[in-house]
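Enquirer: Sequence first, predicted model second:
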Amino acid sequence: MYTQALDTQGLDSAAPEVPADEALLERRFQAKVDAEQKIEPKDWMPARYRSTLIRQISQHAHSEIVGMLPEGNWITRAPTLLRKAILIAKVQDEGGHGAYLYSAAETLGVSRDALIDQLLSGAAKYSSIFNYPTPTWADVGAIGWLVDGAAIMNQIPLCRCSYGPYARAMVRVCREESFHQRQGYDIMMRLAQGQPAQKRMAQQALDRWWWPALMMFGPPDADSTHGAQSQRWKIKRFSNDELRQKFVDFTVPQARFLDLAVPDPQLRWNEAEQRHEFGAIDWTEFNEVLKGHGPCNAERLAARRAAQAEGAWVREAATAYAEKQWATSSGKT
Amino acid sequence: MENQHHWPLYEVFIRARGGLDHKHVGSLHATDARMAIEHARDLYTRRQEGVSIWVVPSVDIVASDPGESAALFEPARDKIYRHPTFYEIPDEVKTL
């Protein structure tokens, strides 16, 4: 059992392990987590730890998949061939991130089909940020810079999450994410240093994405329902508000370099606390978008459902081909 | 919702460059081994992460039981004489 973490005396543990009750198993589990050891798929874990992870990892996977849509909107209209190639690579990465994460969720005993069904039926949530539209090319820049920037801030601590498969998937994701943020900032730089109309376009994109990006860190700590338990389980390492503050502190100087204005009249540097103070977030908007009333919720789900339906014949053909091959090779024709 | 496929799960192993072992990188679904290789190439080697791919049906992997890890691995704990550092050799004895 979990003696690596607990039985430091070691050698006298030859006595057979008696089936322990739930409380004992849970204490051992927590001791293992406290000792910074990873939990792996076949290890005992509390049912709520499992369900919390399934919820979080699948929402994360859905977000990656739906996240392909706002940017995919610009692939055919990217301003140059190089920008188009970069955008295709980025969108392909997002699909890959979804695939890594679905795999991690599957190690917890849930099937990928079931998770995808939950997304398509509207039962599952995904990041509210992807329910905003991308009316101009500058939005592609702002998404890379701000949305991927906020995602990195959230995801880096997840590389040390107590659940091994999730942590390993996040290491892979984070390695690729930095390119996403930098290509976004590169788009913003080019626009901000361009013609007045281009700079205006960049400013408007920042205006559109700033607040939704801050909302990506989730509700304030005081209202966060899962925060404390997730921190105890070391699924989460920092609170929503801590990460949000860090994001603001990192991003404001980047906006200044672009000579763009962060759309927050209350934003100011607090010298004593060495941090930025910022205005109140409109959580009513956040909750409305989360409930399905954002500008693009219906459009995003419709696009996913159409992709699933239109790809059905490919999956059927692949299955039929594999079955035929299998029948031929095992001489059952 | 249609019950899509239940395509089998494959574990993917990548050799980063010649001379290194294949290392487990993750898993994916595919109808057969050939599709698994093609998907693994798209999913796990977009940035020159490998020069060779192995895929193995996940159901064919036999794993040790974490519940038996004490019985399996603890007997090695008190056999520190298996390590070279167990033996104290005087400084004047060289190349040992």
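Expert: That came through fine. Residues are numbered from 1 along each chain as shown, chains lettered A, B, ... in the order given.

Enquirer: Report pLDDT for the residue of chain A found nearest chain B.
Expert: Here the residue of chain A nearest chain B is A:Ala322; by C-beta to the nearest C-beta that distance is 3.5 Å. (Glycine included, C-beta is placed from N, CA and C.) For A:Ala322, the pLDDT comes out at 90.

Enquirer: secondary structure element for it?
Expert: Assessed by DSSP states H and E, A:Ala322 sits inside helix A:312-329.

Enquirer: which residues in the stretch 151-300 of chain A form strands?
Expert: Using DSSP state E, counting those that start in this stretch, the strands found in the stretch 151-300 of chain A span residues A:268-270, A:275-277.

Enquirer: and these, which is most packed in?
Expert: Sort these by mean neighbour count, taking mean count of other C-beta atoms under 10 Å in any protein chain shown, and strand A:275-277 sits at the top with a mean of 15.

Enquirer: ok, now which ones touch A:Gln325?
Expert: A:Gln325 sits next to B:Asp32 when contact means C-beta atoms under 8 Å, 6 or more residues apart in numbering or on different chains.

Enquirer: and the gap between it and A:Gln266?
Expert: For A:Gln325, the distance to A:Gln266 equals 64 Å [C-beta to C-beta, to the nearest Å].

Enquirer: what does chain B put close to chain A?
Expert: Chain B has residues B:1-7, B:9, B:25-29, B:31-32, B:35, B:42-43, B:46-47, B:63, B:65-67, B:69-70, B:74, B:77-78 near chain A, with proximity defined as C-beta under 8 Å from any C-beta of the partner chain.

Enquirer: could I get stretch B:35-55 in PDB with only the CA atoms?
Expert: Output of stretch B:35-55 as PDB, limited to C-alpha atoms (Å, rounded to 0.1, in the frame of the first residue of the first chain):
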ATOM      1  CA  MET B  35      -3.200   4.800 -37.600                       C
ATOM      2  CA  ALA B  36      -1.800   4.900 -34.100                       C
ATOM      3  CA  ILE B  37       1.700   5.600 -35.500                       C
ATOM      4  CA  GLU B  38       0.300   8.300 -37.800                       C
ATOM      5  CA  HIS B  39      -1.600  10.000 -35.000                       C
ATOM      6  CA  ALA B  40       1.400   9.700 -32.700                       C
ATOM      7  CA  ARG B  41       3.500  11.500 -35.300                       C
ATOM      8  CA  ASP B  42       0.900  14.300 -35.400                       C
ATOM      9  CA  LEU B  43       0.300  14.500 -31.700                       C
ATOM     10  CA  TYR B  44       3.700  13.900 -30.100                       C
ATOM     11  CA  THR B  45       6.400  15.000 -32.700                       C
ATOM     12  CA  ARG B  46       5.200  18.400 -34.000                       C
ATOM     13  CA  ARG B  47       8.600  19.900 -32.900                       C
ATOM     14  CA  GLN B  48      11.100  17.300 -33.800                       C
ATOM     15  CA  GLU B  49      10.700  15.500 -30.500                       C
ATOM     16  CA  GLY B  50      11.600  12.100 -32.000                       C
ATOM     17  CA  VAL B  51      13.200   9.900 -34.600                       C
ATOM     18  CA  SER B  52      11.300   6.700 -33.900                       C
ATOM     19  CA  ILE B  53       7.800   5.800 -32.500                       C
ATOM     20  CA  TRP B  54       6.500   2.700 -30.800                       C
ATOM     21  CA  VAL B  55       2.800   2.100 -30.200                       C
END
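
Enquirer: What mean pLDDT does that stretch get?
Expert: Throughout stretch B:35-55, pLDDT has a mean value of 96.

Enquirer: Please work out which residues outside it touch it.
Expert: Defining contact as C-beta under 8 Å, 6+ apart, one finds that stretch B:35-55 is touched by A:89, A:92-93, A:96, A:99-100, A:176, A:318, A:322, B:10-18, B:22, B:25-26, B:28-30, B:33.

Enquirer: Among those, name the buried ones.
Expert: Among the contacts of stretch B:35-55, those buried by neighbour count (16 or more other C-beta atoms under 10 Å in any protein chain shown) are A:93, A:96, A:99-100, A:176, A:318, A:322, B:10-16, B:25-26, B:28-30, B:33.

Enquirer: Which members of the residues you listed occur in strands, if any?
Expert: Counted as lying in strands by DSSP state E, out of the buried ones among the contacts of stretch B:35-55, are B:Tyr10, B:Glu11, B:Val12, B:Phe13, B:Ile14, B:Arg15, B:Val25, B:Gly26, B:Leu28, B:His29.

Enquirer: The last one - nearest residue in space that isn't next to it in sequence?
Expert: Ranked by C-beta to C-beta, 6 or more residues apart in numbering or on different chains and with sequence neighbours excluded, the top spatial neighbour of B:His29 is B:Trp7, at 4.2 Å.

Enquirer: correct me, but that neighbour touches B:Ala33?
Expert: No: in this structure B:Trp7 lies outside contact range of B:Ala33 using C-beta atoms under 8 Å: 11.8 Å.

Enquirer: so how far is stretch A:295-303 from its chain's centroid?
Expert: 18 Å (C-alpha atoms, centre = their mean, to the nearest Å).

Enquirer: Check which residues of it are buried.
Expert: Going by neighbour count (16+ other C-beta under 10 Å), the buried part of stretch A:295-303 is A:Cys296, A:Asn297, A:Arg300, A:Leu301, A:Ala303.
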